[in-house]
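A.B. asks: The sequence isn't on hand, but the structure is:
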């Protein structure tokens, strides 16, 4: 970064915190000036190679978080509970931060973010959970 850094505080709707972190991560990486947005496709059972790419880039905390969601497909788990169980600092906001880079990795492989979220809860559909379990287990 060049110049002086300035702390900025922004209010973000709860249900869009993860998306906000993903957007900021992309902006900080200098990738916000894409003239044509990529049309992100949903994940399919044929995307094992893409899922393995995303899994391979994830941090240990992101893998742990994905692991809980993959092993409990369709089950909504609160950000607060995930933070507590996985010892992620800053509660639900920390969970959103952990998910920022995986969101960016999914964007890079032209797939939608695999984690669903609504009113502070996170989950994966059974189909996507199965795909990422296969990626994790090296199939």
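C.D. replies: Perfect, thanks for sending it. On a predicted model such as this, the values are computed, not experimentally measured, just so you know.

A.B. asks: so which helix or strand takes in residue 113?
C.D. replies: Assigned by DSSP states H and E, residue 113 belongs to no helix or strand.

A.B. asks: and it, what pLDDT?
C.D. replies: Among the per-residue scores, residue 113 holds a pLDDT of 94.

A.B. asks: mind checking how far it is from residue 5?
C.D. replies: 28 Å (Cβ to Cβ, to the nearest Å). From N, CA and C alone the C-beta is placed, and that goes for glycine too.

A.B. asks: between those two, which one's more packed in?
C.D. replies: residue 113 (19 against 7; other Cβ atoms under 10 Å).

A.B. asks: got the contact list for the more buried one?
C.D. replies: Neighbour list for residue 113: 18-19, 22, 99, 102-103, 106 [criterion: Cβ atoms under 8 Å, 6 or more residues apart in numbering].

A.B. asks: What separation do you get for it and residue 76?
C.D. replies: 16 Å.

A.B. asks: The residue nearest to the spatial centre of the chain is in what secondary structure piece?
C.D. replies: By Cα atoms, centre = their mean, the chain has its centre lying nearest to residue 99, at 3.3 Å. Secondary-structure assignment from DSSP H and E places residue 99 in helix 91-108.

A.B. asks: Let's test this: mean pLDDT of that helix, rounded?
C.D. replies: 92.
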